[in-house]
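A.B. asks: Make a model of this:
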Amino acid sequence: MPSQQVATQRCLLNQSIAELRHQFAIEMKMDDEWIQVLHDGKVLLEGTTLGQLGVVPNGTIQLALQSTDPAEHPLQLVRPRQDYHMPDVITVRIHIDNVQYRDVVVEIERATSRKPFLGGYRHKQTAVEYHHAAAQTLPKPRPPPAVERFCRDTQTAQQKHYRQQTANETSTQMTTIGVYMSNQKDRLIAPRKYITADERQKTIVDKVIVIQKYYRRWLATRHVAVVRENERRRREWEAEEEVNKVKEKEDRIKREFERRMNPKNKEDFDLLFHALERWRQEELARINASLTGAERKAALCMLLDQETQLIASIGRHKLDADNENRQTFIQEFLEKTSSPKKWKGPDGKETQLDTPYTLRARQLRDIYNSITMQTVTQDERLDILLTLKHTVKEHDCKLTQEIIELVDREADLLIRGVKETNLDGLRKRICLLFLQYIKTPTFNPEAARYLRVPQDSATLRKNIYYCQSCCQYLPSTEFQLSSNSKSIGKCRQCSKMANNAITRQDFSQYAYMLKNVCRSEEVMNDGSKMAFLMQEKDIRYLVEKIWDSQSILSAWNDLYELVLVRWNRQEEWSPWNCILLTKEEAAAHEKIDSLENAYGVDFLNRVRHKHTMAKTYFFRLPVMAGHMQQSNIASDPRAVQSAAPAVTAKRVVQSSA
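C.D. replies: Residues are numbered from 1 along each chain as shown. You can find the predicted model right below:
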């Protein structure tokens, strides 16, 4: 109302007036509060249902909709849908006779599946199909009869043969006098050659042979195409591998050249000293072979001078690298002490927690970074010095007093207008003392976790050993022990100095091989322990003395392309269960199931001989592995190599004592 538009809709008897109003509000795109429902001129309540209004199943009821505010919110017309949809309810008028009729409400069911075509008629010329109701409607199922119809007589078939003669005689109509028959559609059929059963069978066999021939040719062509494609891929892979090998070798040479030109760590300087020693040996051999007498002595003196200059140049590079590494180490130390505590929860998310110690370390880190800055103004520098003074004033000791005195001296000099270039030494001294202040656990408790020498006396007595070369007490991780060591020996620093001064050996190649062995054993994950007890010196002896620095199969001597793999894959890696091969040979060796069938008797005897030599030299390894297993250090393979010297040193010292 007032448009007098009529809409018919199927509803449920328990559907309320509020639901009807909400449904029409959605169609007319307006709020429920502006619509009211009337019946016989009375406004209906929201909780009233259609059943309460007297509606019976399959019955009809007329309701009126109008707006509570026709001026501001008039009712919108219910727009018809774009596509025609059959209504849910229709009214069918049935005529009883010529005068009387009856209206019946019919509810239409939506079919979920497509009805099958059950028969009809099709015009032969136009191909139009005509359906009828009897063919499109399934018959009603018959009720089961009350009388049992299954018996032996009805289930048994009986055959009877009868002769019969048709009542009508057959005849053929043809052209005669007085009768004309058109022969326009007649066909002349001539008999063909008669084919016997054997001839037909032979024809079938011949055609089958032809089909098989072409099918087998197709199979062979496809097989050849697959083989050709595999060969092409194999050649491409081999060419790519060759290119990768050449590129890898060029990259390695380039890295070594870069390491020699810009050395940064211990391995780089070992490479420099090793190259220097090889050059010295070559020059010495050339002098001894070509010169004699005074000329030889002069050439030796000149060689000594050149060696001295090269050593001095290497020393200058080492000082620069040490300064750079020291700054990097300091920054890493400050970041470690100031980083929050981290752990992963059961849900896999990482949780971070800041403690008072980490906050204190972070404050000291920020102050240290501030006092090391170069591009600051005079006022900013004075503020930084004041902050530093108030920070160290919290503790009264000789170190803090010296820092405060130096801070006051720099502030006084800045106020007097002294150039900053004249204050470099004073500022470096302040940074050094403040770094010492940060590393003191009394002032920075978080630093105690990262000190080389622990502050706990019990820990100090347990894991600290005495180096007889430099006369210092150092932690066990500073001693590098081989598998046949009988005493603690020298620390890493003293061993490095002795190597640079006397032997000048480069262990980078053997460290690379040891790293590959440890990585492969981690992948196996079968509890192997001996590979993680080996050191670079042990690998060097194993490669040079036992395996002659070459592959036992191809005699290839490039150490960067050689690997130490398991001889028997079922047993853990050990010096007496390994073999030195190239990478390609190692990949093929790992696919072997039976060693006796793959290798000859002479080769097996050679390998067993080398294994016996290795077992004689590394006879202490099984004992060390047993101690490692007892102390549960082998549970984390990555920590074994760093923790092995501590355990081994203690056991060896006790046994020798």
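A.B. asks: top helix in this structure by residue count?
C.D. replies: Identified as the longest helix of the chain according to DSSP state H is helix 197-261.
A.B. asks: how about low-confidence regions in the stretch 251-400 of the chain?
C.D. replies: Along the stretch 251-400 of the chain, no part satisfies pLDDT under 70.
A.B. asks: now the strands for it?
C.D. replies: 341-344, 350-353 (DSSP state E, counting those that start in this stretch).
A.B. asks: These: which one's closest to L406?
C.D. replies: strand 341-344 (34.4 Å; Cβ to Cβ). Just so you know, the C-beta spots here come from the backbone N, C-alpha and C atoms, and that holds for glycine as well.
A.B. asks: partner strands of that closest one, parallel or antiparallel?
C.D. replies: Strand partners for strand 341-344, identified by DSSP bridges, are recorded as strand 350-353 (antiparallel).
A.B. asks: ok so, going back, using JSON lines, lay out the strands of the stretch 251-400 of the chain together with distance to T582.
C.D. replies: Listed next are the strands of the stretch 251-400 of the chain as JSON lines, based on distance: least, Cβ to Cβ, whole Å:
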{"stretch": "strand 341-344", "distance to T582": "42"}
{"stretch": "strand 350-353", "distance to T582": "43"}
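A.B. asks: now these as a markdown table including mean neighbour count?
C.D. replies: As requested, those are exported to a markdown table (neighbours: other Cβ atoms under 10 Å):
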| stretch | mean neighbour count |
| --- | --- |
| strand 341-344 | 9 |
| strand 350-353 | 10 |
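A.B. asks: Domain-wise, how is this protein divided?
C.D. replies: With domains defined by automatic domain parsing, the chain comprises 17-107, 266-335, 350-451, 509-619.
A.B. asks: measure the third one end to end?
C.D. replies: When the termini of domain 350-451 are compared using Cα to Cα, to the nearest Å, they are 27 Å apart.
A.B. asks: that older thread, what helices and strands are in contact with the longest helix of the chain?
C.D. replies: helix 266-290 (3 or more Cβ pairs under 8 Å, 6 or more residues apart in numbering; DSSP states H and E).
A.B. asks: Going by neighbour count, list what's buried in the helix it packs on.
C.D. replies: Residues 266, 268-274, 276-277, 280, 283, 287 are the ones in helix 266-290 that count as buried (16 or more other Cβ atoms under 10 Å).
A.B. asks: What are the contacting residues of that helix?
C.D. replies: Helix 266-290 is contacted from outside by 256, 259-260, 262-263, 296, 299-300, 303, 307, 310-311, 314, 317-318, 321, 496, 499-500, 503-508, 511, using Cβ atoms under 8 Å, 6 or more residues apart in numbering.
A.B. asks: Buried ones only from those, please, as a ChimeraX command.
C.D. replies: With 16+ other Cβ under 10 Å as the criterion, this ChimeraX line picks the buried residues out of these:
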select :259,263,299,303,310,314,317,318,321,496,499,500,504,506,507,508,511
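A.B. asks: Please flag which of the contacts of helix 266-290 sit within helices.
C.D. replies: In this view, the contacts of helix 266-290 that belong to helices under DSSP H are 256, 259-260, 296, 299-300, 303, 307, 310-311, 314, 317-318, 321, 496, 508, 511.
A.B. asks: how many neighbours does S551 have?
C.D. replies: 21 (other Cβ atoms under 10 Å).
A.B. asks: T337 versus that one, what's the distance?
C.D. replies: 49 Å (Cβ to Cβ, to the nearest Å).
A.B. asks: And for R255?
C.D. replies: Using Cβ to Cβ, we find R255 at a distance of 33 Å from T337.
A.B. asks: Extract the residue ranges of this structure that are flagged as low pLDDT.
C.D. replies: For the chain, applying pLDDT under 70 flags the ranges 78-85, 110-119, 132-139, 153-155, 166, 168-173, 452-462, 483-484, 628-657.
A.B. asks: that older thread, what is the orientation angle of the longest helix of the chain with helix 266-290?
C.D. replies: 80 degrees (axes from the mean of the first three to the mean of the last three Cα atoms, to 10 degrees).
A.B. asks: related to what we said a few turns ago, I'd like the buried residues of helix 266-290 laid out as CSV, including distance to S476.
C.D. replies: Shown next, in CSV, are the buried residues of helix 266-290 (distance: Cβ to Cβ, whole Å):
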residue, distance to S476
K266, 19
D268, 26
F269, 25
D270, 23
L271, 28
L272, 29
F273, 27
H274, 28
L276, 32
E277, 31
R280, 36
E283, 41
I287, 45
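A.B. asks: Now for those: which two are most distant?
C.D. replies: Greatest spacing in those, by Cβ to Cβ: K266 and I287 (31.1 Å).
A.B. asks: What ranges does the stretch 1-150 of the chain have for its strands?
C.D. replies: Remark: strands assigned in the stretch 1-150 of the chain by DSSP E, counting those that start in this stretch are 35-39, 42-43, 64-67, 89-95, 101-107, 121-122, 129-130.
A.B. asks: Select, out of those strands, the one closest to L353.
C.D. replies: Using Cβ to Cβ, the nearest of these to L353 is strand 35-39, at 59.4 Å.
A.B. asks: Partner strands of the closest one and their direction?
C.D. replies: Its sheet considered, strand 35-39 pairs with strand 42-43 (antiparallel), strand 64-67 (antiparallel) by DSSP bridges.
A.B. asks: Packed most tightly, which of those strands would that be?
C.D. replies: strand 64-67 (a mean of 17; mean count of other Cβ atoms under 10 Å).
A.B. asks: Contacts made by that one with the rest, please.
C.D. replies: By Cβ under 8 Å, 6+ apart, the list of residues contacting strand 64-67 from outside reads 1-2, 21, 24, 34-39, 73-75.
A.B. asks: next one: stretch 570-581
C.D. replies: Applying Cβ under 8 Å, 6+ apart, the external contacts of stretch 570-581 come out as 517, 520-521, 526-531, 534, 538, 542-543, 546-547, 550-553, 562-568, 589, 607, 611-612, 614-615, 617-618, 621.
A.B. asks: what about burial for those residues, which qualify?
C.D. replies: The neighbour count (16+ other Cβ under 10 Å) marks 517, 520-521, 528-531, 534, 538, 542-543, 546-547, 550-553, 562-567, 589, 607, 611, 614, 617-618, 621 as buried among these.
A.B. asks: From these, which land in helices?
C.D. replies: In helices, judged by DSSP H, the following of those are found: V517, S520, E521, D538, H589, V607, H611, A614, Y617, L621.
A.B. asks: Is it possible to get JSON lines of these that adds distance to F333?
C.D. replies: Compiled in JSON lines, those are given as follows (distance: Cβ to Cβ, whole Å):
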{"residue": "V517", "distance to F333": "32"}
{"residue": "S520", "distance to F333": "34"}
{"residue": "E521", "distance to F333": "32"}
{"residue": "D538", "distance to F333": "32"}
{"residue": "H589", "distance to F333": "45"}
{"residue": "V607", "distance to F333": "49"}
{"residue": "H611", "distance to F333": "46"}
{"residue": "A614", "distance to F333": "41"}
{"residue": "Y617", "distance to F333": "40"}
{"residue": "L621", "distance to F333": "36"}
